[in-house]
Structure formats: structure tokens, C-alpha cells
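# quick one, what's the 3D model for this:
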Amino acid sequence: ERGQVFGLLSLTGGLGAVIGSLSAGAIADRWGFPAMFTGAAAFLTLAPVAALLLEEVAESRPTPQPERSERSERSARVPRLGQGYALLFAAYLVASVASVAVFFGRSLLMSDLGFSALSISSSAVVGGLVATPLPWLAGWLSDRLGRKQFLYLGYLMGLASLGLLAVSTGLWQFWLLAGLQAVYNGVSGSVGSALVTDLAPREALGRAL
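Have a look, this model is predicted:
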């Protein structure tokens, strides 16, 4: 159920995009960007308050055997993450660079084309609506059908959004672009995290994630 669990955690991204984008664009149009950033900063202070409510349960660890050498104990404490993890990390890094380029490029291009802040944020709302159910669905399916094909799908959607950015001029095109980008973010977030959990040794899971 790893994909399903990470998918549930990723639902907050889509919901946050919808709520934040609806309010941010309206605030920026009415009171300006300084008011929008001040409001966002004030809202962000709620995150550490929420984190204080988390309860971390430590798992008991097996006692090291006395006959082990110092080198073997050190190797056991720091397990290798493996080649599969390294390849996944590299793929996700490359895809994330392109994703950030699309995210900022969309806003800058829409601004240059004369769209209002509310119109610009509306594309993020569309992306949030797409991204809200998708991470859980993709994670749930990946638990049953395998993870690689869903990662391929996510990366292809990210590539398609980058290509669409080069030719977009109408609002509906930017909405479609945001939807494609949401597919990439939703799938790679839930399925990618689940795959990391599959690949990494349990003792190194925190470092791997």
C-alpha cells in the first residue's frame, strides 16, 4: 500500500494549489503583490505549528552482535542505496529542472501576454484540480500494476507540458499545460516516493527519501 499512502500525503499539494491560487490571484489584483506575499508568509507560519502535533514513534533496533568487526558494524549502519536508486535520483533531478522551468515560464509568459494575476492563478487552480485525486489514484494503481509505467507516463506528461509552453497563447492552452504539469507532479510524487521505499534498504529509508 505504499503508493496509496504516499498518494494520500500528496493530496495536500493539489488542495493547496486550488485554495492558494484562488486567493492569491484575487489578493494580488486588489491589493498588490506585497499584500499577497505578506499573507502567504503569515499563512506559512502555521506549518511548524502543525508539525508540533506530530508524534514520532521510534522503532527498536536489533543489538549488534559482539563478534562483528568495527568495519562490518559500520557497513551495517550505513547501507548502500544501490544503482537503481541512483538512476531514479538522476531521472527525478532532470525532470524537476524542466518542471521548474515550466512553472516559472508559464507565469512569465502569461504576464507578457497581458493576462491578469487572477487569470494566471486560474491555471494553477486547474492544475490543482487535476492533481488532487491523481496522486492517490496513481499510487493505488502502482501498488497493483507496478510503478515504472506510471513514472514513464508522468515524465512524458512533463515533456509534453514543456513543448506546449513554447506555443501557448490562449488561456485554455495554459490550463491544458497546467493539467499536464499536474499529472507529472502527482504521479512522480506518489509513485516515485513509493518506488524509493521499494528500492532503499529499510535502515537507509529516511536518507533515501
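
# in the protein, where is pLDDT below threshold?
58-78 (pLDDT under 70).

# let's see 90
1-33, 36, 39-40, 42-44, 46-86, 88-89, 91-140, 142, 146-193, 195-209 (pLDDT under 90).

# distance of F150 relative to Q173?
For F150, the distance to Q173 equals 25 Å [Cβ to Cβ, to the nearest Å]. From N, CA and C alone the C-beta is placed, and that goes for glycine too.

# show me which of these two is the more surrounded one.
More crowded of F150 and Q173, by other Cβ atoms under 10 Å: F150, with 23 against 14.

# what helix or strand is the more buried one on?
helix 148-165 (DSSP states H and E).

# buried ones in that helix?
F150, L151, L153, G154, Y155, M157, G158, A160, S161, L162, L164, L165 (16 or more other Cβ atoms under 10 Å).

# for the second one, which non-adjacent residue is closest in space?
It stands for L151. Leaving out its chain neighbours, the residue that sits closest to L151 by Cβ to Cβ, 6 or more residues apart in numbering is V191, at 5.7 Å.

# now for the one you found, how many residues are close by?
29.

# which strands and helices lie in contact with the helix or strand encompassing G179?
If you go by DSSP H and E, G179 is part of helix 171-199. Helix 171-199 sits against helix 2-31, helix 83-112, helix 117-131, helix 134-145, helix 148-165, helix 205-208, with contacts defined as 3 or more Cβ pairs under 8 Å, 6 or more residues apart in numbering; DSSP states H and E.
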